[in-house]
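Asks: One predicted model, sequence on top.
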Amino acid sequence: MSLQDKIMTAMKTAMKEKDQTALAALRAVKSELLLAQTSGTQDTLTEEDEIKILSKLVKQRKDSATIFTEQNRLDLAEPELAQAAIISQFLPEQLSEEAIAKEVDAIIAYTGASGMKDMGKVMGLASSALAGKADGKTISMIVKARLS
């Protein structure tokens, strides 16, 4: 079952249950997927492209929730976090920090990185290797800790 089929099935369920938060999140995902399909040169999206889109949407909602929380607008932050959780269900399972650290250590050994000057090289490889499986902030934090 493709991601778009899963989204449509989840949308039907959300409509039947009258879950407006889930419906808004799923409509946003559907919209982004359709936009990516029609704006690109390729007819279909790869699984990697779909994961990037979903990750972007989750990140946007988490960032918005953080801003709303800083401004003491919990009434706006809570729906954003709920939507992020709904969209996250369609992402691959996130790795633990230990698993990310092992992967980063392997990349550092492979590249021969020795200091912060090599962070860009390590981050590029780590970001592509862990795409959809780990948050960029977490990867960056672990790479900085390992290289400093």
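Replies: Perfect, I can see it now.
Asks: after the longest helix seen in the chain, next one along is what?
Replies: Counting by DSSP state H, the longest helix found in the chain is helix 47-70. As assigned by DSSP states H and E, the chain's next helix or strand after helix 47-70 is helix 74-88.
Asks: Let me know the next secondary structure element after that following helix.
Replies: helix 97-111.
Asks: mind saving the C-alpha coords of that following helix as PDB?
Replies: Only the C-alpha atoms of helix 97-111 are listed here, as PDB (Å, rounded to 0.1, in the frame of the first residue of the first chain):
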ATOM      1  CA  GLU A  97      20.300   8.200  20.400                       C
ATOM      2  CA  GLU A  98      22.600   5.200  20.900                       C
ATOM      3  CA  ALA A  99      21.800   3.900  17.400                       C
ATOM      4  CA  ILE A 100      22.400   7.300  15.900                       C
ATOM      5  CA  ALA A 101      25.700   7.600  17.800                       C
ATOM      6  CA  LYS A 102      26.800   4.200  16.400                       C
ATOM      7  CA  GLU A 103      26.000   5.300  12.900                       C
ATOM      8  CA  VAL A 104      27.800   8.600  13.400                       C
ATOM      9  CA  ASP A 105      30.900   6.800  14.800                       C
ATOM     10  CA  ALA A 106      31.000   4.600  11.700                       C
ATOM     11  CA  ILE A 107      30.800   7.600   9.400                       C
ATOM     12  CA  ILE A 108      33.500   9.400  11.300                       C
ATOM     13  CA  ALA A 109      35.700   6.300  11.100                       C
ATOM     14  CA  TYR A 110      34.900   6.000   7.300                       C
ATOM     15  CA  THR A 111      35.700   9.600   6.600                       C
END
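Asks: Not counting it itself, show me its contacts.
Replies: 95, 113, 118, 121-122, 125-126, 129-130, 134, 138-139, 142-143, 146-147 (CB atoms under 8 Å, 6 or more residues apart in numbering). Heads up, the C-betas are built off the backbone N, CA and C, glycines and all.
Asks: helices or strands next to whichever helix or strand comes after that helix in the packing?
Replies: Next along the chain after helix 97-111, taking DSSP H and E as the criterion, comes helix 119-129. With contacts defined as 3 or more CB pairs under 8 Å, 6 or more residues apart in numbering; DSSP states H and E, the packing partners of helix 119-129 are helix 97-111, helix 136-147.
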